[in-house]
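Visitor: Need coordinates for the following:
(chains A and B)
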Amino acid sequence: MNEHTGQRWVYSPIVKDHFFHPRNLLLDEPTPEMEAQFDARGTVGSPACGDVMDIWIKVDKETERITDLKWKTFGCGSAIAATSMFSVMITEDGGLRVDDALKIKPQDIMVRLGGLPNRKIHCSVLADKAFRKAVNTYFHATEQHQRVQVEGKRVIDPATNTTDHDIEEAVLEGATTLEEVQKKLKVGVGASAEVRQQVEELIRFYAEKYYGN
Amino acid sequence: MDPRVLAAMTPYFTTIYGNPGGLYDAGREALYAVTQARTTIATIFGCNPGNIIFTGSGTESDNMAVFGIARQYAAKGKHLISLAIEHHAVLHPLEALEKEGFETTYVAVDETGRVSVESVMAALREDTTLVTIMYANNEIGTINPIGEIGNAITKWKKEHGRGPTEPPFLHTDACQAAGALEMNVDKLHVDLMTINGSKIYGPKGVGALFIRKGVSIKPIVMGGGQEFRKRAGTENVAYIVGLATAIANMQAEKDAENARLLELRDWFIKELHARMPKIVLNGHPTERLPNNINVSILDIEGEALILYLDEYGISMSTGSACTSESLDPSHVITGIGRPYEYAHSSMRFTLGKTTTREDLEYVLTVLVPTVAFLRQVSPVRIAMGDEKSVSMASAFVEDGLPHFVTKK
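Guide: You can find the predicted model right below:
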């Protein structure tokens, strides 16, 4: 409840907490000195679309644990909260191992946040994407090219770094048309006809798989 | 809502509950109240009471004007003129009519959101039946020169041998203007004009449409013979009384209130610029509603700022995509040539009757540090004066355009 207006908040108390007290936020401007302390950076989204996620990660080479993650976000309340929660999930208890961190799905962030309004899901989807991009950069930098794009995921739309798995998840969440999937993922928006066609084929494939007769 | 409005409305929920269509005593009393309300509004508009039609909302009045004129005069022409930054209550009917074979010209506005008489007249054609242009914009408060446009159309009609009851007709959505601006329909030279209750401390869910004598419309709500057979449905007596009371109060008090609000508005805009960097005013600096302030606070997203300020009891709205049901950024902010980045960052502060200088001081003391913090959170750094280069394809990741661009 808002103490001044008595109105119910649109988001869960956990979302609110992370929104007002973001964790692991990079407060200062990124500098070369600061970036040198991290192993990789991942950025997705664009200010014109209304969401930008910027993530820096530090990886312990021995244990492969993510020992530090800093972020900046341009976006709405749930985008800020989701990125904050994601940073906690990655770094808590000494940090997740890279492979385990990559398994965190948008739904996992949502669960930890106590839910998000449906139309806000795309925000948290971007947090894990920026992270994945950072990890891929890390793999390239450490000459582990074979580990880039793990678990057979196929990047369908390079502009948003969306994979076939993301589309599968969107369909599982109930989106069955290109427009609905785009609301969640912003995938294939303004992309080439080829990309859009691929996205649509995947939606049909998964929709039939999960909802077909 | 103004307590005086509520007081005027209350008897019509309780003691005077009759249907104005009924011949019994309570019905006659209700009918009298509706007639009085009609006369009150007609006096403000400078027209006959018979030219005022009560409706269920400003949206319905706009729909009625656009569909009503276009369909009634379709034999004379199927060309309509409007603005891309009109309210959706006008834009969506126009889109629907386009599917029925009508053609709309959306006249360009300048970067303040104002349309010029010349550009409207340049769009006018022999087959134009309706020109619909908002009096003042609901998001950025820019006031259009309706009187001059009306005057030019009247002249054009004379030169083309057309009488006042022949098309083209001028409609204006005056919902935002009703409490603050000149509403005389002869001074404005309008043929149709929309007002509603919610922007003038009146009840929500009631509107009215002025239709000039001799101008006919095809009704969109059909049934009984109410409202001179132009809008069927039992009259919403209490709300009609509320609407009339509200506009009468606002018009009677507007000079003093406008002067007070203008001073507050201009002071607040000056302070926003003085206390924070990268603030861009959306709309016209002077031809602007006294209660409207709309700025883009660059590098932050509007919804996040709203949530923070809401926590301090400050309510405002944004043109950001995040808060709209459609997830589209404001068509008004983008319609005045601002890039998407500016729309996502746009904030509207609306001043009210009870807003004081102290209130605005309080807003500033909360706003300034909150903006500074959210700018720290944000990785985005948009260059000032760079309106043209952002939002181009290069602003989007690998040329991917957002959903609100491609779906059109």
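
Visitor: And the helix ranked longest in chain A, what does it pack against?
Guide: Counting residues, the longest helix in chain A under DSSP state H turns out to be helix A:121-141. On a contact count with 3 or more Cβ pairs under 8 Å, 6 or more residues apart in numbering or on different chains; DSSP states H and E, helix A:121-141 meets strand A:40-46, strand A:51-59, strand A:66-74, helix A:77-91, helix A:98-101, helix A:106-113, helix A:178-185. (Glycine included, C-beta is placed from N, CA and C.)

Visitor: need the ones you listed in TSV with distance to chain B, can you?
Guide: Conversion of these to TSV gives the following (distance: least, Cβ to the nearest Cβ, whole Å):
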stretch	distance to chain B
strand A:40-46	5
strand A:51-59	4
strand A:66-74	4
helix A:77-91	4
helix A:98-101	21
helix A:106-113	15
helix A:178-185	5
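
Visitor: Export those to TSV and append columns for mean pLDDT and mean neighbour count.
Guide: Below are the helices and strands packed on helix A:121-141 laid out as TSV (pLDDT from 0 to 100; neighbours: other Cβ atoms under 10 Å in any protein chain shown):
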stretch	mean pLDDT	mean neighbour count
strand A:40-46	86	22
strand A:51-59	92	25
strand A:66-74	94	24
helix A:77-91	92	26
helix A:98-101	93	17
helix A:106-113	86	19
helix A:178-185	82	20
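
Visitor: Can you add distance to residue B:191 and give those back as TSV?
Guide: Shown next, in TSV, are the helices and strands packed on helix A:121-141 (distance: least, Cβ to Cβ, whole Å):
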stretch	distance to residue B:191
strand A:40-46	45
strand A:51-59	45
strand A:66-74	46
helix A:77-91	45
helix A:98-101	66
helix A:106-113	53
helix A:178-185	39
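
Visitor: Out of the ones you listed, flag the one nearest residue A:13.
Guide: helix A:106-113 (9.9 Å; Cβ to Cβ).

Visitor: on that earlier part again, got the angle for the longest helix of chain A vs helix A:106-113?
Guide: For helix A:121-141 against helix A:106-113, the angle by axes from the mean of the first three to the mean of the last three Cα atoms, to 10 degrees is 120 degrees.

Visitor: tell me the angle helix A:121-141 makes with strand A:66-74.
Guide: Using the same axes, to 10 degrees, helix A:121-141 lies at 130 degrees relative to strand A:66-74.

Visitor: With just CA atoms, put helix A:121-141 into PDB.
Guide: The C-alpha trace of helix A:121-141 is given here as PDB (Å, rounded to 0.1, in the frame of the first residue of the first chain):
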ATOM      1  CA  ILE A 121       7.500 -10.000 -18.700                       C
ATOM      2  CA  HIS A 122       9.700  -8.800 -21.500                       C
ATOM      3  CA  CYS A 123      11.600  -6.600 -19.100                       C
ATOM      4  CA  SER A 124      13.000  -9.500 -17.100                       C
ATOM      5  CA  VAL A 125      13.600 -11.400 -20.300                       C
ATOM      6  CA  LEU A 126      16.100  -8.700 -21.200                       C
ATOM      7  CA  ALA A 127      18.100  -9.100 -18.000                       C
ATOM      8  CA  ASP A 128      19.100 -12.700 -18.600                       C
ATOM      9  CA  LYS A 129      19.800 -11.900 -22.300                       C
ATOM     10  CA  ALA A 130      22.300  -9.200 -21.400                       C
ATOM     11  CA  PHE A 131      23.900 -11.700 -19.000                       C
ATOM     12  CA  ARG A 132      24.100 -14.400 -21.700                       C
ATOM     13  CA  LYS A 133      25.700 -11.900 -24.000                       C
ATOM     14  CA  ALA A 134      28.300 -11.000 -21.300                       C
ATOM     15  CA  VAL A 135      29.000 -14.700 -20.800                       C
ATOM     16  CA  ASN A 136      29.500 -15.300 -24.500                       C
ATOM     17  CA  THR A 137      31.900 -12.400 -24.600                       C
ATOM     18  CA  TYR A 138      33.700 -14.000 -21.700                       C
ATOM     19  CA  PHE A 139      33.900 -17.300 -23.500                       C
ATOM     20  CA  HIS A 140      35.300 -15.700 -26.600                       C
ATOM     21  CA  ALA A 141      37.800 -13.700 -24.500                       C
END
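
Visitor: Give me the sheet partners of the helix or strand that comes right after it and which way each runs.
Guide: Going down the chain from helix A:121-141, the next helix or strand is strand A:155-157, by DSSP states H and E. According to DSSP bridges, strand A:155-157 forms sheet pairs with strand A:162-163 (antiparallel).

Visitor: Now do the longest helix of chain A against strand A:51-59, angle only.
Guide: Going by the same axes, to 10 degrees, helix A:121-141 makes 40 degrees with strand A:51-59.

Visitor: Per-residue pLDDT of residue A:186, please?
Guide: pLDDT for residue A:186: 76.

Visitor: wait, it sits on residue A:160?
Guide: Yes. Here residue A:186 reaches residue A:160: they are 5.5 Å apart, a contact under Cβ atoms under 8 Å.

Visitor: Buried residues in stretch B:75-85, which are they?
Guide: Counting neighbours by 16 or more other Cβ atoms under 10 Å in any protein chain shown, one finds that the buried residues in stretch B:75-85 are B:77, B:78, B:79, B:80, B:81, B:82, B:83, B:85.

Visitor: Distance check, the second one against residue B:130.
Guide: Per Cβ to Cβ, to the nearest Å, residue B:78 is found 10 Å from residue B:130.
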